[in-house]
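**Student:** dropping a prediction and its sequence here:
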Amino acid sequence: MNRPDASWRLAVHEELASTQDIVLAAAAAGEPAGFAVLARRQTAGRGTQGRAWNSSEGNLHLSLLLRPDGPLRSVPHWSLLAAVALAEAVAAHLPEPAALRLKWPNDLLLDGAKCAGILTQAAPDGAGGAGWVVVGIGVNLRHAPHLGDRAAISLAARGGAVPEPVSFAWELLGRLDLWRARYAAEGFGPVRRAWMARGPRPGSTLRLRQAGRLVEGRYGGLDGDGRLLLEREEGPLAISSGEIETQDPSPVRNP
């Protein structure tokens, strides 16, 4: 399914095991950038940390292929860029957009509960760059799955008009195009500022699990590589991977 004014080739399926697997296989086979796959239902969806991702019909299950220029270390930029585009697309359908917060590195929170997640996978090109980046995005449009270890919420629970998944996918892809163009023209700076505007409250305490240990500190923003900055008594810490366990859910005042 293509739109004449779009840079994306969107394939829509009634059911797949995993949109991510389809796009990963296409990336490895040399598929050009701009390929995207949406499934109305998934039977083997997955999230970060190897978790299963509940894939109810009526929610968004989307994966897309990028082939960005730049060094391999810039791959985290694309996950954060996708998060900013996703937050903007979701905010347009909420009666209170300020209730949205971004949780580093890959979740979107609504009233402090998870409403969307991003899974980014990449491969090197052999010359120091990224051969491809595959971004998987799941959004609880109509249904909130039971996650066990954390609260979840759907857009439907907050009222307003809930978009149909294919329609919402096109809105999101359009937002991605806008941010891709800005990134190409201005670099990571605008993405970083937009992410932090919806991120944790500056100075709030974060508890993060990294490699089996807990790390706690005051949130100090993101650095130029997209790493999370924590201020601690023993000195600042820049974190490139991990999972935040606690985050202040206070709403954004100036997104």
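**Tutor:** Structure received. Numbers count the residues shown, from 1 in each chain.
**Student:** flag the shaky bits of this structure, pLDDT-wise.
**Tutor:** 1-6, 45-54, 149, 248-255 (pLDDT under 70).
**Student:** which residue ranges form the helices in it?
**Tutor:** 19-28, 75-91, 165-186, 189-198 (DSSP state H).
**Student:** now do the nearest residue to residue 245 once chain neighbours are set aside against residue 214, distance only.
**Tutor:** Nearest residue to residue 245 in three dimensions, chain neighbours excluded: residue 207, at 4.9 Å (C-beta to C-beta, 6 or more residues apart in numbering). No exception for glycine: its C-beta is placed from N, CA and C like everyone else's. With the distance defined as C-beta to C-beta, to the nearest Å, residue 207 ends up 6 Å from residue 214.
**Student:** ditto for residue 146
**Tutor:** 25 Å.
**Student:** next one: residue 60
**Tutor:** Applying C-beta to C-beta to residue 60 and residue 214 gives a distance of 32 Å.
**Student:** in this protein, which strand is the longest?
**Tutor:** Longest strand of the chain, by residue count under DSSP state E: strand 113-124.
**Student:** what is the end-to-end distance of stretch 25-33?
**Tutor:** 13 Å (C-alpha to C-alpha, to the nearest Å).
**Student:** returning to that earlier point: looking at the helices of the chain, which is nearest to residue 237?
**Tutor:** helix 75-91 (16.3 Å; C-beta to C-beta).
**Student:** for that closest one, the distance to its chain's centre please.
**Tutor:** 5 Å (C-alpha atoms, centre = their mean, to the nearest Å).
**Student:** which residues does residue 229 bridge with?
**Tutor:** For residue 229, the beta-bridge partners are residue 238 (DSSP bridges).
**Student:** whoops, residue 108 was the one
**Tutor:** Here residue 108, judged by DSSP bridges, has bridge partners residue 102, residue 116.
**Student:** verify the stated contact: it with residue 100.
**Tutor:** Yes: in terms of C-beta atoms under 8 Å, residue 108 counts as a neighbour of residue 100; the distance is 6.4 Å.
**Student:** returning to that earlier point: comparing residue 146 and residue 214, which shows the higher neighbour count?
**Tutor:** residue 214 (11 against 7; other C-beta atoms under 10 Å).
**Student:** tell me if I'm right that that one and residue 206 touch.
**Tutor:** No: judged on C-beta under 8 Å, residue 214 makes no contact with residue 206 at a distance of 10.7 Å.
**Student:** would you mind extracting the C-alpha trace of stretch 180-192 into CSV?
**Tutor:** Provided in CSV are the C-alpha atoms of stretch 180-192 (Å, rounded to 0.1, in the frame of the first residue of the first chain):
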residue,chain,number,x,y,z
ARG,A,180,14.4,12.5,9.3
ALA,A,181,14.6,15.7,7.3
ARG,A,182,15.4,17.8,10.3
TYR,A,183,18.0,15.3,11.5
ALA,A,184,19.6,15.4,8.0
ALA,A,185,19.7,19.2,8.1
GLU,A,186,20.5,20.0,11.7
GLY,A,187,21.9,16.9,13.3
PHE,A,188,20.9,15.3,16.6
GLY,A,189,20.5,18.5,18.6
PRO,A,190,16.8,19.1,17.8
VAL,A,191,15.9,15.5,18.4
ARG,A,192,17.7,15.6,21.7
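**Student:** which residues are contacting it?
**Tutor:** 74, 77, 80-81, 84, 179, 222, 224, 226 (C-beta atoms under 8 Å, 6 or more residues apart in numbering).
**Student:** okay, and the beta partners of residue 39?
**Tutor:** Those that pair with residue 39 in a beta bridge, by DSSP bridges, are residue 13.
**Student:** thinking again about what came up before, go through the helices of the chain and pick out the most buried.
**Tutor:** helix 75-91 (a mean of 24; mean count of other C-beta atoms under 10 Å).
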